[in-house]
Every structure is written in structure tokens, then in C-alpha cells.
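S.K.: 3D model of this:
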Amino acid sequence: MASGLDKIWEILPPAPEDFKNKFPEIQPVILQLLYNRGLRTQKQIDEFLLPDYSQDLHDPFLFRDMKKAVDRIFQAVENKQKVIICGDYDADGITSTAVLWIICKKLGLEDATTYIPDRLNGSYGLTGKMIEDFIKRKIDLIITCDCGITSVDEVELAKQSGIEVIITDHHRSTEKIPKAVAVINPNSRGEKYPFKHLAGVGVAFKMIQALLSDSRCRLENKEAAEKWLLDLVALGTVADCMPLLGENRTLVKYGLLVLNKTANFGIRSLVEKSGLELGTLSAEHLAYQLGPRINAASRIKHADEALKMILTEDKTEADKLAGVLNSFNSERQRLVESVFQEIKTEIGEEPKEKILVVLGNWPKGILGLIASKLVEQYFRPAVVLTRRDDEVVGSGRSILGFDLYRVLDGLSKYFIAFGGHAGALGLTLKEADFPDFKKEVARAGKEAMKEWDLAPKIKVDALVQMREVNWSLYEELKKFEPFGRSNFLPNFLIKNIRLNEMSPVGQNGQHCRLIVGEGKKMIYFSANSKVGGLKPGDKIDVIFQLGVNQWNGQQELQMKVVDLKKLQKY
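M.R.: Sure, this is the predicted structure:
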């Protein structure tokens with residue numbers, strides 16, 4: 001594998017002169033960052049830098065079936081029907097289920113319950129067994145969230161039994177769309193809704209907005225009811241790795257404001273158990289601390305543990321459940337590392353296949369995490385499967401820009417179940433078909449990725465001079481928050497700078513402090529294996545990210561090294 005010093009640096013193309021001339025008032029580095037994000041007009045730039053909740057969210061009734069969904073839910077309220085909300089078992093599905101249940105209760109649906117399948121038993125979305133159970137329970141209406149778009153047969157079974165279905169989902173539809181009362185999904189075939197990248201919780205929230213705007217809604221403070229759900233919308237959106245541009249950016253930006261003063265007992269307890277503090281939370285905390293703890297429930301036991309924590313109105317129970325999720329997360333980390341090392345040993349340092357496919361006897365709940373780590377390690381798509389009776393079930397993850405869903409969808413003859421999107425998917429097939437499936441994936445991967453260079457890459461947003469790295473730049477960068485997918489914290493490149501000093505820091509000396517140029521400090525985390533051969537006096541190129549280090553009541557700009565290269569002397 002490529003080492004930390006031989007990754008490919010991909011410097012994004014500079015903004016053209018006509019673009020720079022259009023916006024002379026914006027400092028060049030910031031203008032380059034805007035250009036990198038595809039923001040070309042004053043309107044796009046204003047919406048990005050100054051998201052406005054009242055202006056930047058689309059009308060929920062732009063979904064073609066939204067009125068049908070709203071009418072059916074108010075019919076259920078009026079007729080006191082039995083409604084069940086069925087969500088996925090990940091953080092997106094759990095938060096989707098939570099926001100819909102909360103609003104259904106506020107609307108007066110007294111007999112509304114929730115159902116989330118068991119990840120460890122292989123269930124996903126609607127199943128025939130679930131529908132049979134709902135028939136026995138005399139359910140009148142099923143509302144799905146973050147699932148259901150591929151449940152054609154299950155929706156038909158429900159319909160034949162007198163149960164109606166509303167689907168809210170964000171995954172790709174197949175050619176066949178379930179014959180539900182309403183399908184609310186920006187990625188459903190033929191849907192015209194203008195923003196395609198909502199998370200499942202984002203889609204659920206659009207339906208909530210539509211419900212609250214209806215004249216039949218009798219809530220006194222509709223605006224408060226809507227906005228106090230934004231903490232969960234932000235959490236689910238970030239945890240599901242959705243692009244933080246467009247409508248998602250507005251939802252997450254305002255969601256973080258709500259989250260940092262959340263009234264939700266469960267989220268408050270989880271923040272505390274995670275070692276975090278309300279008032280300081282960023283999208284990064286949602287992605288790497290809160291989201292994984294919510295996901296850990298279904299990976300180790302059942303998603304209901306997380307859902308109960310979010311919905312409880314008892315602080316003592318919230319504290320207890322947050323502690324449980326915290327312990328689940330520790331167990332999840334241990335399992336992932338153990339299985340990952342086992343698979344790395346099997347694959348070796350330089351795999352031949354363009355798409356990795358591995359099969360073992362591993363816990364189903366951690367397969368997606370293992371696939372993600374393989375993608376990170378080998379910089380190629382990965383599918384990780386485990387045996388279950390005479391079947392194999394698994395998860396796939398892809399590298400940025402490569403549509404793994406499209407490639408595997410061409411092998412549909414093997415699938416018992418299949419669903420997801422370009423970067424993440426789930427699948428089930430007969431174990432007897434696995435050898436042929438693996439060969440077909442290898443063939444399809446070789447063809448689809450023949451033009452791909454699978455060396456690890458670091459994208460560089462802008463080349464800068466040291467004099468440009470100052471508090472003014474940092475303050476402008478803060479306007480780019482929240483950072484996340486499609487709006488990552490920028491990588492800057494400084495070239496040909498002198499290394500004056502380097503010294504180990506950290507409890508075990510695993511990090512390195514660099515003094516460069518005219519005395520500027522940089523920090524290089526986990527640098528032990530990456531700075532060998534460097535010495536004071538060397539000239540280096542450095543990719544870094546700009547942040548702030550707070551220590552002992554003091555603040556200073558911090559240049560965090562992402563990668564560096566020693567310049568060769570000739």
C-alpha cells in the first residue's frame with residue numbers, strides 16, 4: 001500500500017479569471033473554495049454563505065404525492081386509526097422514526113406505534129413476515145421512513161389485506177415503484193422534487209412541514225413544533241453522510257443551533273456520555289461521536305435501545321440508555337478492529353481486484369463499518385459479506401465518485417435482496433451463488449474501473465502563501481460551516497517552506513510539532529511513521545487544514561498537517 005508520504009496530491013483547477021473578475025470583493029482564497037464547490041452565481045454564493053431557513057427550503061408540496069400523504073394521515077387522525085411507523089435501523093432511520101412519531105402524537109394520532117427491524121437477523125425495510133404481523137394487529141396505515149422504495153411485493157400484500165402504505169425514503173427506486181397511497185422520495189423514478197440529496201430524516205421532515213402547514217393541523221405553535229425537531233434532522237443527515245450543500249446545508253446549519261440547546265433528554269445525556277458539551281457541538285461531533293453511538297444500538301443489540309433514548313421524557317431513563325449506547329459503541333470498536341485485521345491479513349498489501357469482495361462468519365451489524373475501513377485502506381470499493389443459514393448478507397461501500405450501486409445492479413440475477421445508493425448499499429444472495437457472484441464482480445469491476453487510478457488521493461483546495469494564513473482567513477472559513485460530505489474542511493498547500501524544528505509531542509510522543517518558515521507552528525498527528533528522514537533545514541511542501549487550538553484559556557491558529565513531502569535536492 002501507499003505510505004503516508006506517497007499519496008497523490010490532486011490540486012483542484014484554479015478559478016478562471018472571468019469568475020474572479022465577477023467577485024473582486026471576495027478574497028482570492030475564499031473565492032477559490034466557492035468555485036471548488038460549484039458555486040458560480042451571486043445567488044448560489046449568498047445561499048451558501050448565509051443560509052436562510054425561511055427562504056432556502058423548498059416547498060414540500062413539490063413532491064408529487066405529498067398532498068395524498070397529508071390527506072391520508074389526517075384521515076387516520078379523524079378516524080382514530082391504527083398507524084405504525086416503520087424505520088430503518090441506522091441513525092438516519094432511527095431519527096426519521098422519532099420525528100414522525102413525535103409529530104403524529106402531536107397531531108392527535110393516539111394509536112401510533114413504531115417498528116424497527118432487527119439488523120442482526122438480517123431484516124431490512126418491509127418484509128412479508130412484518131406485513132403478516134401488522135395484519136394480525138389490525139393496522140390501518142403503515143408509514144415507512146428511510147426504507148420501503150423497493151418493497152413492491154410487501155406493499156401489494158398489505159394493500160390486498162386492507163392496509164394502506166405511505167412510503168418516505170431517499171434510496172433509489174427500481175423500475176417498479178410500490179403501489180402505495182403516496183411515495184415521498186426525491187430519488188423515485190419520475191419524481192421532480194428539485195433537491196435529490198435529502199437523508200431519510202430530511203424526507204420525513206418535509207412531510208412534517210407539509211402536515212404542519214395544512215389547515216387541519218390544530219397545533220397552537222406550529223413553528224416551534226417544526227424547529228425543535230431540527231436537532232434530530234441534523235443528526236440523521238450528518239450520520240448518513242449526505243452532502244452538506246443545498247437544502248441539507250440549511251437543515252444542518254439550523255439543526256446545529258437547536259442541537260446545541262436541545263430539550264431532548266436522550267440527546268442531552270448522549271452528549272454528556274460522549275465527553276462533549278452542549279453549546280460547542282459541530283457537524284464533526286455528529287459524524288464521529290453521536291452518530292456512531294446511535295448506530296451501535298442495532299450493531300450490538302437492537303435499534304429500539306436508541307429510539308427509546310431519543311423518545312423518553314424521563315431524565316433517569318435517558319441517562320441509563322445513553323450509558324448503554326456508550327458501552328455498545330466500545331464493543332463495536334473492539335469488534336471492528338478485530339475483524340478488520342483478520343481481513344487485511346487475508347487480502348494482503350496489494351489486492352489485484354478493483355472491487356474487493358470478502359466473505360466470512362462475522363457479526364452482521366459491523367459489515368458496513370468494515371467495508372468503509374477497507375475502502376479507506378485500499379482506496380477501492382469493498383463488499384463485505386457474512387454467512388446466514390444458506391444465504392450470505394452484506395454491505396458495500398464505494399470510493400468518492402464511483403457508483404458501486406450501478407455496477408452491482410447489473411448483477412441483479414444473483415440477488416434475493418438489494419438496495420442503497422451510489423456510495424453505500426446492502427445485498428443478500430444464496431451462498432451457493434457466491435463464487436460466481438465474486439467472479440462477476442471482479443469482471444465488472446475491472447471493466448468499470450479500467451480508467452481509474454486507485455492510488456490514495458488527497459484533494460488540495462488551494463495553494464496559499466504563509467502570509468495569507470491568518471485570523472481573517474479563519475473567520476471567513478467559519479462561514480463554510482457545517483463541514484461534511486461535499487463541503488469538507490479545506491486542504492491548503494504551502495510549497496517550498498523551510499523546516500526549522502521538529503519535536504515529538506503527546507503522551508507517547510506519537511505526534512510531531514513542526515516549526516516552519518518564519519516561526520509558524522504546525523501539528524502533525526500520528527506522525528511517527530511519516531516523518532522519518534526529515535531534519536531541520538529541509539525544504540518541504542505541506543498540505544494542512546486551518547483551525548484553532550484552545551489551551552489554558554488561550555486561542556491560537558493551528559495548522560494541522562494532512563500530508564507533507566520533502567523536496568529533493570539536485
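S.K.: by contact count, what packs against the host helix or strand of Gly291?
M.R.: Element membership for Gly291, per DSSP states H and E: helix 291-300. Identification of packing neighbours for helix 291-300 by 3 or more Cβ pairs under 8 Å, 6 or more residues apart in numbering; DSSP states H and E yields helix 91-107, helix 230-239, helix 265-273, helix 304-311, helix 315-347. C-beta: built from backbone N, CA, C; applies to glycine.
S.K.: what's next to the shortest one, contact-wise?
M.R.: If you take Cβ atoms under 8 Å, 6 or more residues apart in numbering as the criterion, helix 304-311 is touched by 87, 91, 94-95, 97-98, 101-102, 114, 116, 232, 264, 266-267, 269-270, 293-295, 297-298, 317-318, 321-322, 324-325, 328.
S.K.: So the residue nearest the centre of the chain, which state does it fall into?
M.R.: The centroid of the chain falls nearest to Cys241 when counting by Cα atoms, centre = their mean (1.5 Å). Assigned with DSSP: H, G, I helix; E, B strand; the rest coil, Cys241 falls in the coil class.
S.K.: So Leu514 is in contact with Lys521, correct?
M.R.: Yes. Between Leu514 and Lys521 there is a contact at 7.2 Å, judged by Cβ atoms under 8 Å.
S.K.: more neighbours, these two?
M.R.: Higher neighbour count among Leu514 and Lys521: Leu514, with 25 against 14, using other Cβ atoms under 10 Å.
S.K.: Restricting to C-alpha, output stretch 337-352 in PDB.
M.R.: The C-alpha trace of stretch 337-352 is given here as PDB (Å, rounded to 0.1, in the frame of the first residue of the first chain):
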ATOM      1  CA  GLU A 337     -10.700  -3.700  14.700                       C
ATOM      2  CA  SER A 338     -10.500  -7.500  15.300                       C
ATOM      3  CA  VAL A 339     -12.400  -8.300  12.000                       C
ATOM      4  CA  PHE A 340     -10.600  -5.700  10.000                       C
ATOM      5  CA  GLN A 341      -7.200  -7.000  11.000                       C
ATOM      6  CA  GLU A 342      -8.300 -10.600  10.000                       C
ATOM      7  CA  ILE A 343      -9.500  -9.400   6.600                       C
ATOM      8  CA  LYS A 344      -6.300  -7.300   6.000                       C
ATOM      9  CA  THR A 345      -4.300 -10.400   6.600                       C
ATOM     10  CA  GLU A 346      -6.400 -12.300   4.000                       C
ATOM     11  CA  ILE A 347      -6.300  -9.600   1.300                       C
ATOM     12  CA  GLY A 348      -2.600  -8.700   1.700                       C
ATOM     13  CA  GLU A 349      -0.900  -5.400   0.800                       C
ATOM     14  CA  GLU A 350      -1.800  -5.000  -2.900                       C
ATOM     15  CA  PRO A 351      -5.000  -6.700  -4.000                       C
ATOM     16  CA  LYS A 352      -5.500  -7.500  -7.700                       C
END
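S.K.: List the buried residues for it?
M.R.: 339-340, 343, 347, 351 (16 or more other Cβ atoms under 10 Å).
S.K.: all strands for the stretch 151-300 of the chain, in order.
M.R.: Taking DSSP state E, counting those that start in this stretch to define them, one finds strands in the stretch 151-300 of the chain at 164-168, 182-184.
S.K.: Domains in this structure, by residue range?
M.R.: The chain breaks down into these domains under automatic domain parsing: 8-29+457-566, 57-233, 348-448.
S.K.: looking only at pLDDT, what's the mean for the longest one?
M.R.: Taken as a whole, domain 57-233 has a mean pLDDT of 95.
S.K.: follow-up on the earlier one: return the most buried member of the helices and strands packed on helix 291-300.
M.R.: Compared across those, helix 230-239 shows the largest average neighbour count, a mean of 30 (mean count of other Cβ atoms under 10 Å).
S.K.: which intervals of the stretch 451-570 of the chain have sub-threshold pLDDT?
M.R.: 529, 569-570 (pLDDT under 70).
S.K.: That one: helices as residue ranges?
M.R.: Taking DSSP state H, counting those that start in this stretch, the helices of the stretch 451-570 of the chain run over residues 471-478.
S.K.: go on, the stretch 101-250 of the chain?
M.R.: Under DSSP H, counting those that start in this stretch, the stretch 101-250 of the chain gives helices at 128-136, 152-160, 200-213, 222-227, 230-239, 246-259.
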